[in-house]
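[1] Need a 3D model of the sequence below.
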Amino acid sequence: MLLKDYYKTLDITPAASEQDIKRSFRRLVHRFHPDKNAGDAAAAARFREIREAYDILSDPRQREEYNYKRWYNRSLGKQYQEAPLTPQSILLECERLHNYLLSTGNTRVDYDALSYHIRQLLSESNIRLLRQYDTITVNRQVLNKLVDCCVGLPWRYITPIADLLGQVAGEDGLMKQELNKFIALHRQSSRWNSYRVGLVLVITLLLCWLIYTLGK
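    All right, here's what the predicted structure looks like:
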């Protein structure tokens, strides 16, 4: 996911004081509040972005951490995420990851990096956004794409991701069914792989014993 420019979101400069942040936040919240923009999805998305930006920049520790990320992002020449985050943009990122994995194949995947990327896509704020919009078709596609992305991951990576996907599924019966089926199949595959190692060891020992016996 691209880094968001929280200073631009709050219409302030990086040198803004705490009072500047609060003053701009109050002004923008008043303008984009859902009560003043009933039925306006764009205003609702902008309102969430404003709240998110304020939560980060009003906290000294989080602001310091964000400033470092912002500096690093600029040092690499990367762009900022311009449009407010929506369920569709989260789905788009899931599709990009899925397509990337299809193009590279599982043999060249860094499991730690893939697991981290998926957990970033399933961050607390992203899950909250998906649940707030509660667009079943989008949420189902997000879950299905990320389940497909998890297929090549070893079992030890699955549990934390499955917990996050469970939050996306919520009470939707179809999503819970698909997730449970994926978990069961992956657990079964993991057990078989562990048994297979033991089986190969036993067969190897038997062959060594036969070779030794016949060689006498």
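
[2] Relative to residue 70, how far out is the most centrally placed residue in the chain?
    When CA atoms, centre = their mean is applied to the chain, the residue found nearest the centroid is residue 121 (1.6 Å). In this structure, residue 121 lies at 21 Å from residue 70, with CB to CB, to the nearest Å as the measure. To be clear about C-beta, it is placed using only N, CA and C from the backbone, and glycine gets the same treatment.

[3] quick one: low-confidence parts of this protein?
    Scanning the chain with the threshold set as pLDDT under 70 gives 1, 81-84, 105-107, 190-203, 205, 208-210, 212, 214-216.

[4] just to revisit the earlier point, please verify my assumption that the residue nearest to the centre of the chain contacts residue 97.
    Yes: look at residue 121 against residue 97 with CB atoms under 8 Å: they come within range, at 7.2 Å.

[5] Pull up the overlap in contacts between the two.
    Jointly contacting residue 121 and residue 97 under the rule CB atoms under 8 Å, 6 or more residues apart in numbering are residue 146.

[6] Residue 80: neighbour count?
    15 (other CB atoms under 10 Å).

[7] ditto for residue 109
    By other CB under 10 Å, the residues close to residue 109 number 16.

[8] just residue 161 next, same as before
    Other residues near residue 161 come to 20 when the count uses other CB under 10 Å.

[9] And residue 146, by the same measure?
    In terms of burial, residue 146 registers 23 neighbours under the definition other CB under 10 Å.

[10] Need the residues that contact the one helix or strand residue 166 maps to.
    Under the criterion DSSP states H and E, the helix or strand holding residue 166 is helix 155-169. Here helix 155-169 makes contact (CB under 8 Å, 6+ apart) with 111, 114-115, 118-119, 122, 127, 130-131, 139, 142-143, 146-147, 150, 153, 175-176, 179, 182-183, 186-187, 189-190.

[11] Now which of these would you call buried?
    Buried residues within the contacts of helix 155-169, counting neighbours by 16 or more other CB atoms under 10 Å: 114-115, 118, 122, 127, 130, 139, 142-143, 146-147, 150, 153, 175, 179, 182-183, 186.

[12] So which of these sit within helices?
    In helices, judged by DSSP state H, the following of these are found: 114-115, 118, 127, 130, 139, 142-143, 146-147, 150, 175, 179, 182-183, 186.

[13] buried sites along the one helix or strand residue 53 maps to?
    The secondary structure element spanning residue 53 is helix 41-57 (assigned by DSSP H and E). Along helix 41-57, the positions that meet the burial threshold by neighbour count (16+ other CB under 10 Å) are 43-54, 56-57.

[14] out of those, who's nearest residue 6?
    residue 53 (3.8 Å; CB to CB).

[15] need the contact list for the closest one.
    Contacts for residue 53 were tallied using CB under 8 Å, 6+ apart; they are 4, 6-7, 9-10, 25.

[16] Need the max-distance pair from those.
    Pairwise distances among these were taken by CB to CB; the largest, 15.2 Å, belongs to 4 and 25.

[17] ok, of the ones in helices among the buried ones among the contacts of helix 155-169, which one's closest to residue 31?
    For these, the nearest to residue 31 is residue 130 (25.3 Å; CB to CB).

[18] so how far is residue 122 from that closest one?
    Distance, residue 130 to residue 122, using CB to CB: 9 Å.
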